[in-house]
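>>> Model the structure of this input:
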Amino acid sequence: MSGQTFKIVLIKPSHYDADGYVIQWWRSLVPSNSLASVHGLLAACNSEKALGPDVTIEVEAYDECNTVIGVRKIVKAIRAAGAGFVGLVGVQSNQFPRALDLGRQFRAAGIPVVLGGFHVSGCLSMLPELPADLKEALDLGVTLYAGEGEGRMGDLLRDLHAGKAKPIYNFLSAMPDMAAATLPILPRETVTRVAGHYTSFDAGRGCPFQCSFCTIINVQGRKSRYRTPDDVETIVRENAKQGITRFFVTDDNFARNKNWEPIVDRLIELREQHGFRIRLLLQVDTLCHRIPGFIEKCARAGCTAVFIGLENINPESLMGTKKRQNKIWEYREMLQAWRAQKVMTYAGYILGFPTDTPESIAHDIEIIKQELPVDILEFFYLTPLPGSEDHKKLLLSGVPMDPDMNKYDLEHACTAHPRMSKAEWDGVYRDAWARYYTDAHVETIMRRAVVSGINRTKMLDSLVAFSGSAMIEGVHPLQFGFVRRKLRTQRRSGLPIVNPLVFYPWRVVDFMTVLARWARKVVRYRGIMKRVRNDPAAATYTDLALTPIVAGAEDHFVQHYADKLPHTHGAPVRHEVEPAHDVIAAE
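A predicted model of the protein is given here:
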C-alpha cells in the first residue's frame, strides 16, 4: 500500500431539460456550496492522513452545470490510481434522475459511488419508507449518504478504502457543531467556471421557522448552528489567495445568524483597512430591517445584492403555509432600506398557493410592480419537494403527485391545484414572467436604479438574464448560465440518441434562433437604459414604491389586502380599500 493514491471525483449533477438533454452551460450562474463543503472535508481528510501515512487522498471537483462529465476518463483515472470512488454531491430531487444515470454508468464499470444531498436526506428524514428511486440506487450498489459530513468523513473513507461501505449512512439525528466545520474551499479552476467567479460558503445552517414547503428545516434542523467569525475570515482570506473575493453566503437567512455582526465587522475591516475587494450576495428574511445596523453594515461589508423570500403578498397564502414571519405591511419599508444602501434586491415569489387563481395572481403582480421597490422578481411553482411537510402530507393522504423527480425543479406543476387546472397553472407561470418583465416595467426598474445609485450595469445584466432565461431558454434563472451546451450523447436514460445527421442541423438552427432572441433583448434593454440615463429628469424620478413611509399614515399597498390581514401584534388596523384603487380594473 506504500505510496498509494486514493482518487475521489466529486460531481454536482445537473438535470434534464424537456427534451432529455443535460442542462449545461459554458459558464453557470449559481455556485454549488455542497461541492465546496464536501471538497473541503476531503481536503482536510488528506491533511490529517485519514487513510494512513502512505495514502494520498486526491480530490477533483466538477459542477455538471458548467462542465462536461467524461465518464470514461474518470473511470480510467480511478482505475489507474488503484482505488477511489465517485461522489455525487448536493443532489436535489430534480437532479436525482441525472445522478442515477451517472451512477449507473460508474457502477457498470465497477467504480464505487456515494450519493448524498437534499433528496436522499429529505426522503430519509420525512418518509416512512424508502421511495422507489432510492431503492433503485441501492439495487445498483450505490451508497446513500444522509446528513452532514463534519466529523464523519474519515470513517466513510476508511470503509470505502477497505471495500466495506454500508448501503446507507444516516446521520440526520445528530447535527454537527459548525464551530468545528471544515472550510469550504474550491480550487480556482472550478470557481472560474461560474459567471463572475463567485464561490460560496455557509456561515450557518438550520432555520427556526416552520414553512410547510421547505426542506431545509427537516434536513439541516430547526436549531440554527453557526460558523465562528474566525472561520469566516479564514474562508475569505484563503479564497483571496487565489484571486476569489466574490461570495454567495448560502445561509437560508443570514439575518438570523447570531454571529452576523462580528462576521460583517471582520469583512468590513478586510475591505476598508486591507483593501480586499469583497462582494457578497446574501439571503435574508423580510424582517431583517428591524435589526439595528444590519443593512448598513452588510452594505459596508460588500453586500451588493440580497435574495429575499418574499414568497407572496397575500397574508392568507402566507399563513396557510406557516410563513407567519412575513409581514406584508413591512415589505415596502424593508425594500426601501436596502435601496437606501444601493443594494439590489432579488425576491422569490411562489405561484400556486391554495387560494391563488389566474386573476388573483395577475392582480398581485400588478400591485407589486406599482407599490413595491423590488428589482428582480423570480417565480416558482408551489412544489411538494421530498423532505417537506407538504410532500409528506400529500403522500400519506394518497394525493397524486408526479412520479418524475426531474420535474421537481420549481418550474413544473407536480400535483393538482384546488382552484386551477394544470393548463391554467402552467399558463399562470408563463404569464407571470411576461407580466412582470414588460418593457414599461423594465424601464421603471431602471429608473429606480438610477435615482437610487444602484449599479446600472449590474441591473441591466440582471434584467436581461432573469427576464430572458425563462422566456428564451426555457429554464429558471437559478438554473441559467451563459452559452447553452447540448451534447448529443448525454441524454436521459431511456431516450434515443439522435442520429448526427439529424441532431447537428437541428442544434445549429436551435442555437442560432436562441442567439437571435437574446441579441434582440440585449439591444432593446440597452436602448431603454440609454434613454433613462440620458433623461434630464432621471435624477429626480419618483413613484409610489419609492415614496418614503410616513409613521401613522395609511399604507395603500397594505389596504389592498385589508380583509385578509391577520389579527397579530403589529398588524395595521383593517380598512376596506375602495374598488377604484384596483390596478387591474384601472388598466
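>>> Tell me, what's the model's pLDDT at the closest residue to T56 other than its chain neighbours?
Counting by C-beta to C-beta, 6 or more residues apart in numbering, T5 is the residue found nearest to T56 once chain neighbours are left out, at 5.1 Å. (Glycine included, C-beta is placed from N, CA and C.) Each residue has a pLDDT score; the one for T5 is 96.
>>> Off-centre distance for whichever helix or strand T5 is part of?
Taking DSSP states H and E as the criterion, the element that holds T5 is strand 4-12. Put simply, strand 4-12 sits 26 Å off its chain's centre (C-alpha atoms, centre = their mean, to the nearest Å).
>>> Around the residue nearest to T56, count how many other residues there are.
Number of residues near T5 (other C-beta atoms under 10 Å) recorded here: 16.
>>> so it makes contact with D54?
No: if you go by C-beta atoms under 8 Å, T5 and D54 don't touch, sitting 10.2 Å apart.
>>> what's near enough to touch F96?
Residues touching F96, when contacts are defined by C-beta atoms under 8 Å, 6 or more residues apart in numbering, comprise H119, D133, M405, N406.
>>> As JSON lines, these with secondary structure and distance to T190 would be great.
What follows is these, written out as JSON lines (DSSP: H, G, I helix; E, B strand; the rest coil; distance: C-beta to C-beta, whole Å):
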{"residue": "H119", "secondary structure": "helix", "distance to T190": "23"}
{"residue": "D133", "secondary structure": "helix", "distance to T190": "28"}
{"residue": "M405", "secondary structure": "helix", "distance to T190": "26"}
{"residue": "N406", "secondary structure": "helix", "distance to T190": "25"}
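>>> what would these look like in TSV with pLDDT, distance to Q210 and neighbour count?
Below are the contacts of F96 laid out as TSV (pLDDT from 0 to 100; distance: C-beta to C-beta, whole Å; neighbours: other C-beta atoms under 10 Å):
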residue	pLDDT	distance to Q210	neighbour count
H119	97	21	29
D133	96	27	19
M405	97	25	24
N406	97	28	19
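>>> between these, which is closest to R279?
Nearest to R279 among these: H119, at 31.0 Å, using C-beta to C-beta.
>>> With adjacent residues omitted, what lies nearest to E424?
Leaving aside its sequence neighbours, E424 is closest to P358 (5.7 Å, by C-beta to C-beta, 6+ apart).
>>> got the contact list for the one you found?
Shown in contact with P358 (C-beta under 8 Å, 6+ apart): M420, E424, G427, V428, D431.
>>> From D375, how far out is the residue nearest to T56?
When distance is defined by C-beta to C-beta, to the nearest Å, T5 is 49 Å away from D375.
>>> Counting neighbours, what do you get for P53?
Other residues within reach of P53, judged by other C-beta under 10 Å, total 7.
>>> Let me know the helix or strand that it is in.
Secondary structure from DSSP H and E places P53 outside every helix and strand.
>>> Rebuild the contacts of P358 as CSV, extending it with secondary structure and neighbour count.
Putting the contacts of P358 into CSV (DSSP: H, G, I helix; E, B strand; the rest coil; neighbours: other C-beta atoms under 10 Å) gives the following:
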residue, secondary structure, neighbour count
M420, coil, 19
E424, helix, 14
G427, helix, 13
V428, helix, 25
D431, helix, 16
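>>> hang on, K392 packs against S125?
No: using C-beta under 8 Å, K392 makes no contact with S125, being 9.5 Å away.
>>> So in this structure, where's the weakest helix or strand by average pLDDT?
Comparing every helix and strand of the chain by mean pLDDT, DSSP states H and E singles out helix 583-586 as the least confident one, with a mean of 39.
>>> so what's the residue nearest to T56 up against?
By C-beta under 8 Å, 6+ apart, the contact set of T5 is V55, T56, E58, A81, G82, A83, G84.
>>> can you check G149 too?
If a contact means C-beta under 8 Å, 6+ apart, then G149 has S37, V38, L41, L156 as its contacts.
>>> Quick check: the farthest pair among the residues you listed?
The span of the contacts of G149, defined through C-beta to C-beta, is set by S37 and L156 at 14.2 Å.
>>> tell me the SS of R27?
Look at R27: counting by DSSP: H, G, I helix; E, B strand; the rest coil, its state is strand.
>>> The one 10 residues further on now?
The three-state label for S37, taken from three-state DSSP, comes out as helix.
>>> Give me the nearest residue to it, chain neighbours excluded.
The spatially closest residue to S37, leaving aside those adjacent along the chain, is P184, at 4.4 Å (C-beta to C-beta, 6+ apart).
>>> ranges for the strands of the stretch 251-400 of the chain?
Remark: strands of the stretch 251-400 of the chain, listed N- to C-terminal, are 279-284, 303-311, 344-351, 376-381; assignment by DSSP state E, counting those that start in this stretch.
>>> and the third one, which strands flank it?
The reference is to strand 344-351. When pairs are called by DSSP bridges, strand 344-351 turns out to pair with strand 303-311 (parallel), strand 376-381 (parallel).
>>> these two touch, right, R256 and D285?
Yes: A contact is recorded between R256 and D285 when judged using C-beta under 8 Å, the distance being 7.1 Å.
>>> so what's the nearest residue to S32 once chain neighbours are set aside bridging to?
Spatial nearest neighbour of S32, chain neighbours left out: K12 (4.5 Å); criterion: C-beta to C-beta, 6+ apart. With beta bridges defined as DSSP bridges, K12 has these partners: D63.
>>> which residues does K12 contact?
Each residue near K12 by C-beta under 8 Å, 6+ apart is listed here: S32, S34, L35, A61, Y62, D63, E64, C65, L88, V89, G90, V91.
>>> Including neighbour count, pLDDT and distance to H412, could the residues you listed go into a markdown table?
A markdown table is the format used below for the contacts of K12 (neighbours: other C-beta atoms under 10 Å; pLDDT from 0 to 100; distance: C-beta to C-beta, whole Å):
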| residue | neighbour count | pLDDT | distance to H412 |
| --- | --- | --- | --- |
| S32 | 28 | 94 | 22 |
| S34 | 22 | 94 | 23 |
| L35 | 23 | 96 | 25 |
| A61 | 25 | 97 | 29 |
| Y62 | 20 | 97 | 26 |
| D63 | 27 | 97 | 23 |
| E64 | 23 | 97 | 20 |
| C65 | 26 | 96 | 19 |
| L88 | 28 | 98 | 22 |
| V89 | 25 | 97 | 24 |
| G90 | 23 | 95 | 21 |
| V91 | 28 | 97 | 18 |
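>>> And these, which is closest to V113?
The nearest one, if we look at the contacts of K12 relative to V113 and count by C-beta to C-beta, is L88, at 6.6 Å.
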